[in-house]
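J.: Have a look at this prediction, sequence included:
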Amino acid sequence: MSAFLRLLSRNRLALGGLIVLVIVVILALLTPVLPLKPPNVTDTPNRFLPPFSEGAILGTDHLGRDLLSRLMWGTRLSLAVGFAAAVIAATIGAAIGIIAGYYGGRTDNVIMRGVDMLMAFPYILLALAIVAALGPGLMNALIAVAAVNIPFFARNIRGVTVGIANKEFVDAAKLAGMSDAKIIVTEVLPNVIPVIVIAMSTTVGWMILETAGLSFLGLGSQPPRADLGSMLGEARSALITNPHTSIVPGLMILVIVMAINLLGDGVRDALDPRLKSGALSRPMPATMVSRTGPIPQPEGCDLLAVRDLKTQFHVKDRVYKAVGGVDLSLKPGECVGLIGESGSGKSVTALSIMGLVASPPGVITGGAVHYRGEDLVGASYEVLRSLRGRHVAYIFQDPQATLHPLYTVGDQLIEAVSSHRRIGRDEGRAHAIDLLKQVRIPNAESRIDSYPHELSGGMRQRVGIAMALANDPEIIIADEPTTALDVTVQAQILTLLDDLRRDRGLAILFITHDFGVVAQLCDRVAVMYAGRIVEKGPTDAILNAPAHPYTSKLMACVPELGEGRRRLEAIPGLPPGVDQLPQGCAFADRCHRVTEACRERAIPLEPHGAERSVRCIHPVEAPRTEAAQ
Amino acid sequence: MTEALKLTGLSKAFPVGKRLFGPPRALVRAVQPVDLVVQKGETLGIVGESGCGKSTLARMLVGLLEPSSGRIEIEGEPLDNADPAVFGKKIQYVFQDPISSLNPRKTIRQIMEAPLKHLHRMGPAARADRIAEIFAAVNLREEFLDRYPHEFSGGQAQRIGIARALAADARILILDEPVSALDVSVQAQVLNLLADLKAQFGLTYLFISHDLAVVEAVSDRIAVLYFGAVVEVGPAVEIFANPRHPYTKLLADSAPVVGRALKAPEGRETELPDPENPPEGCAFRARCPRATALCAAEVPPLTGEGGRHPAACHHPLEA
C-alpha cells in the first residue's frame, strides 16, 4: 500500500488530481454545516444577480436562488450519485464477470452473449430506455447509469478471471477440498480486486458525466433539488443573457471529471503490474554505456573478443552486477559453450555483445567487445545496426516469442535480408526458400507461406535459425536454443547447428545449462557463476577433470542417462544475489573446500595447465582414473 | 505388495469446434485407453514429449479432469466421479511451476492450512502442529509461514508445494515435472528430498517428466507415452538400456550424453500425427524405421513376450 502511494505521488498530474478531488469531496461533505443560504428558496426580485454581488458571491439563478449554495449541494449530489453508480456497476459487473470466467463453457457463453447484447445499444439510448421505463428521478437515473456500465466491468473482469481460473493455484485449491464458492471468494477475488479498482477509477468520472447528462435532459434530479446536470439544464435558456448560470456548474463538472480522470490514470499506472515493470518506458536502441577505468585495447586475431565486460542493472538504489568482468574469445568455425544456472549472467553477457541489453535499467560499465579489432561497446547505433543480423546474429530460446505472429515466415525472412541490402521480390522469395531448405524444413516451397503458429516448436526454431543465417553472418550467438524443445527435436537442431558451422565456418557462442549439449557441440567451454567465469578451457578436459569445485559439483548433480537409479549429489544453498556479492569467492558459502583465504579478497582467473584457467585457489585435483571414463 | 493405484481403460477425449447447441465438430483423443498398475511404495516414471498426454493423464488421476471412459481405483476403492475434494485425501498433485501454483495474495500459512481445514476439518491447534511437523520434514523454517510466495526462490517454492501436497495426508503423489522449472543444482536438492519423504512416509509416486535422465534416476518402473498411449512399460534399469519399442530407443538415443558423439537419430519427418486425423494402425509408424504393412493395418497391443517387459510394437527390438 505504501509502495502504491509512493508510485502514485511520483505522478505529478495524478497527485494534482488527488488533491483537487480531496478538496472537492471535503467541501461536499461539509456543505450541510457551512454557512450557506438555503439552496431551494426562491427570491425572484433578485434573479440573475451577477457574480460577486452583495450576498451572493457566485450570483443567483433565474429564480433568484443562491448559485454558490446550489453549486455545493449539487456537487454533493452529483458525486454521491456518480460514486454510487460506480460501486453498483462494479459490484454487479464483477460478480457477473467472475462467474462467467470461472465456470466457463456454457455458463460463460450465455452470460457473455447477454452482456454483448447490452453493449450493442448506444449507452444514452439504453439509459433513456431504462429511465423511460422506470420514470424520471435521480434514483432511476442512478440505476440507468449503473446498468449501462455493468457490461464494461463484466467483460473486463471476465477476461482477467479466465486467466486466473486456469492458474495452478486454483487447481491446488480444488485439491485442498475447497468449494467453488470458497475458491471464488478467497482465491480468485483477491487477485481480481486490483483490476476492479483500476476499472472503477477510470470510469467514475464518466459516470458522473452520464448522470449529469440525464439530469440535463430533465430525467435525473427533479426540481427544486439540484445536481450539476439539472443546474446546467435550467440555465440553458439563459445561456446568452446570463452565461454565469451555466458557467458555474459547467466549470465544476470539468474540474471534478478532470481530477478523477487524472487520478484514475495514476491509479492504473501504479497498480498495473505490466506498467510497474516498465512496459511504458521505451528501451533505448542500444545499451547505455558508461565505462570507468581503462578500456582494453584489441589484441590477437580473434574474430570476436570480449574483454573484461561488465554489465550492471541499476534499479532504484540497487546495483545488480549481472556480468562482473567476463573474458571470452571466438575464432572462425569455433563453437564456444557458455554454461551456467539462471542468474549467472550468461544471457546478459550474450546480449551485451551487440548492445541488446534493455536500457534502462542495463548499463555496460566496463570492458570492451572487439569484433575484428573494432570495439562494439560505445560504437554508434548505426554501426551496431549494420552489424546486428548481418555479421553477428542471434538465436533465442523461444521461437514463438521471437517470430511475429501476424506475418508469414517467408515475409519475416525476406525482411531480415532487406534490412541490410536491397533485394527484389522474387529474389527474396527464392532466397527465403533456399534458407528454409538449408535448415532442412520439409516442403520449403509451401512452408514459406505458413504463419508461425502453424508450425511445431522444432520447425519454428528452424525458422529462427534460418533468420539468423539470412545474411550469412560470421558469428551466431545462440541463447538456449533447444531448452524449450523435446529431446528428439533437440538432437536434430544440435546436429543442424554443428553441420552449419563445419560447412560455413560459422563461429557459435552457445549458451546453455546442459553439460550433455556442451559436450556434444562445443570445442571450448566457459562456466559462469554469479556473473563471472569460474573456469574455462577445452570441453573434453573440463568435463573429464573439472578444476573448479562448482563445475565438478554441478556436473555431479545432473543425472545422466544410463547411470540407473541413484541419489544425486546436491549442492547445498543458493547462489548469492548479484546485488550483494561477497568480497571474496562467490561460491565460498556452498563450497566444501573453502578456507579463510577464499573470503578475504576477490579470486583472479588464473591459468591451470596450458589451455585452461580457473578462478579458484583450491582447485579440485581430479584423479586421473575418474577422468578416463 | 498391494496395488496403490490401478487404471483400467482410462481415456480422455476433448471436443473441438464446440457449438452453443448440438454436438461438437469432432473429438480429439488426448489419452487413449490406458491400463496401468502402480504398486504401493513404488515410483512409476512417465515420460513422453510435449503433446503426448502426460498432463491430461495426471489431471484425470487427481480428479481435475473427468475421464471420458475407464476407471481409477485407489487402494482397491474405485473413484468414479471427478471430485477433487474426494481425490484430495488419497492422491495429491505437485505442480510444475512452483511459483504459479501458490496464490500470490495468500501467506504460506494460509496456503498450508487450506487442505487441513477443508479436507480434514482440523482445529487451529491441530493445524499448527501438523504444519510444524511437515515443515520439519521438508526442511523449511517455520518463520517462512507468514511470508508471501513471491519472496521465495523456485526451489523453496517447490518445497512449499510438496509440503502442501503432504499436508493432505495422501499416500500417492502425482509429481508433474516437479523439477523442470528449477536450476540443476536445486533440482538435485528437491529430488533427494522427494526420495527421503517417500521413505519416511511410505509414499507412492507417479513421476512425470520429459527428462529421461531424471526419470531414470528416481523411478522403479517407467512408462513411455506416445500420442496418448503407453507404448512401453518396464523396469527403469532396463527400459532405456534395452528398449523394445523403436520410439523408446529414439528417445534414449536423442538424450545428450557426455562422451557420445552428436548424431541426429532421425532424419525423417518428426511431426507428431495430427490429433484430429489420427493415423490408422500404429501412431509411430511414420517415424519408425521398422514399419511394415502390418503396422498400418493394426494397432499393436501392449504385450510382453519371452519374459521381457511389455511394449506396443509389432516388430519389437531384440535385447
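T.: Received it, and whenever you're ready, just let me know what you need. Keep in mind the model is a prediction, meaning the values are calculated, not measured.

J.: measure the residue in the stretch 1-150 of chain A positioned nearest to chain B to residue A:218 for me?
T.: With CB to the nearest CB as the measure, residue A:109 is the residue of the stretch 1-150 of chain A nearest to chain B, at 5.8 Å. For every residue, glycine as well, the C-beta is placed using N, CA and C. When distance is defined by CB to CB, to the nearest Å, residue A:109 is 40 Å away from residue A:218.

J.: what do you get for residue B:70?
T.: According to CB to CB, residue B:70 stands 68 Å off from residue A:218.

J.: Residue ranges in the stretch 251-400 of chain A under the pLDDT threshold?
T.: Counting by pLDDT under 70, the ranges of the stretch 251-400 of chain A that qualify are A:272-281.

J.: For it, give the residue positioned nearest to chain B.
T.: Counting by CB to the nearest CB, the stretch 251-400 of chain A gets nearest chain B through residue A:341, at 4.1 Å.

J.: Up against chain B, what does the stretch 501-629 of chain A have?
T.: For the stretch 501-629 of chain A, the residues in contact with chain B (CB under 8 Å from any CB of the partner chain) are A:513-517, A:519-521, A:543, A:553-554, A:557-572, A:574-575, A:629.

J.: Now do the SS call for residue B:230.
T.: In the three-state summary, residue B:230 is assigned as strand, counting by DSSP: H, G, I helix; E, B strand; the rest coil.

J.: Find the nearest non-adjacent residue to it, please.
T.: Ranked by CB to CB, 6 or more residues apart in numbering or on different chains and with sequence neighbours excluded, the top spatial neighbour of residue B:230 is residue B:223, at 5.1 Å.

J.: Does residue A:450 touch residue A:412 like I think?
T.: No. Assessed by CB atoms under 8 Å, residue A:450 is found out of contact with residue A:412, at 10.9 Å.

J.: Specify the beta-bridge partners of the residue nearest to residue B:230.
T.: Beta-bridge partners for residue B:223, by DSSP bridges, are residue B:46, residue B:233.

J.: next one: phi and psi at residue A:304?
T.: Torsion angles at residue A:304 (phi, psi; degrees, to the nearest 10) stand at phi -130, psi 130.

J.: how close does the closest residue to it other than its chain neighbours sit to residue A:307?
T.: Take residue A:304 and drop its neighbours on the chain: the residue closest to it by CB to CB, 6+ apart is residue A:330, 4.2 Å away. From residue A:330 over to residue A:307 the distance is 12 Å, taken as CB to CB.

J.: Domains of chain A: list them as residue ranges, please.
T.: Residue ranges for the domains of chain A, per automatic domain parsing: A:2-34+A:55-277, A:400-470.

J.: Arrange these in TSV, one row each, with mean neighbour count as further columns.
T.: Written out in TSV, the entries for those read as follows (neighbours: other CB atoms under 10 Å in any protein chain shown):
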stretch	mean neighbour count
domain A:2-34+A:55-277	19
domain A:400-470	18
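
J.: low-scoring stretches of the stretch 151-300 of chain B, by residue?
T.: Looking along the stretch 151-300 of chain B with the criterion set at pLDDT under 70, you get B:264-272.

J.: the strands in it, which residues?
T.: With DSSP state E, counting those that start in this stretch applied, the stretch 151-300 of chain B shows strands at B:172-176, B:204-209, B:221-226, B:229-235, listed in chain order.

J.: now those strands as CSV including mean neighbour count?
T.: Formatted as CSV, those follow (neighbours: other CB under 10 Å):
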stretch, mean neighbour count
strand B:172-176, 25
strand B:204-209, 25
strand B:221-226, 25
strand B:229-235, 23
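
J.: closest one to residue A:365 among those?
T.: Ranking those by their distance to residue A:365 (criterion: CB to CB) puts strand B:204-209 first, at 40.6 Å.

J.: quick one: strands adjacent to the closest one?
T.: For strand B:204-209, using DSSP bridges, the partner strands are strand B:43-47 (parallel), strand B:172-176 (parallel).

J.: Residue B:96 reaches residue B:182, doesn't it?
T.: No. The pair residue B:96 and residue B:182 does not pass the contact test of CB under 8 Å, sitting 10.0 Å apart.

J.: Setting the sequence-adjacent residues aside, check what's closest to residue B:159.
T.: Excluding its sequence neighbours, the residue lying closest to residue B:159 (CB to CB, 6+ apart) is residue B:138, at 4.8 Å.

J.: how close does whichever residue of chain B sits closest to chain A sit to residue B:222?
T.: Per CB to the nearest CB, residue B:256 is where chain B lies closest to chain A, at 3.0 Å. Distance of residue B:256 to residue B:222, computed by CB to CB: 19 Å.

J.: list the buried ones in stretch A:324-332?
T.: By 16 or more other CB atoms under 10 Å in any protein chain shown, the buried positions in stretch A:324-332 come out as A:324, A:325, A:326, A:327, A:328, A:329, A:330, A:331.

J.: Those in strands, which ones?
T.: Within these, membership in strands is found for A:324, A:325, A:326, A:327, A:328, A:329, A:330, as judged by DSSP state E.

J.: Any idea how many residues pack against the spatially closest residue to residue B:246 that is not a sequence neighbour?
T.: In space, not counting the residues next to it along the chain, residue B:246 is nearest to residue B:288; the distance is 5.0 Å by CB to CB, 6+ apart. Residues lying near residue B:288 (other CB atoms under 10 Å in any protein chain shown) number 20.

J.: for residue A:374, same thing?
T.: Residues lying near residue A:374 (other CB under 10 Å) number 12.

J.: which residues touch it?
T.: By CB atoms under 8 Å, 6 or more residues apart in numbering or on different chains, the contact set of residue A:374 is A:298, A:383.

J.: If it is in a bridge, with which residues?
T.: Residues in beta-bridge contact with residue A:374 (DSSP bridges): residue A:371.

J.: quick one on the thing from earlier: the strands of the stretch 151-300 of chain B: which one's closest to residue A:165?
T.: Checking the strands of the stretch 151-300 of chain B against residue A:165 by CB to CB gives strand B:172-176 as the closest, at 18.6 Å.

J.: and for that closest one, what are the contacting residues?
T.: Identification of contacts with strand B:172-176 by CB under 8 Å, 6+ apart yields B:4-5, B:38, B:54-55, B:58, B:61-62, B:74, B:90-96, B:162, B:165, B:194, B:203-208.

J.: try 6 Å
T.: B:4-5, B:58, B:61-62, B:91-94, B:96, B:165, B:203-208 (CB atoms under 6 Å, 6 or more residues apart in numbering or on different chains).
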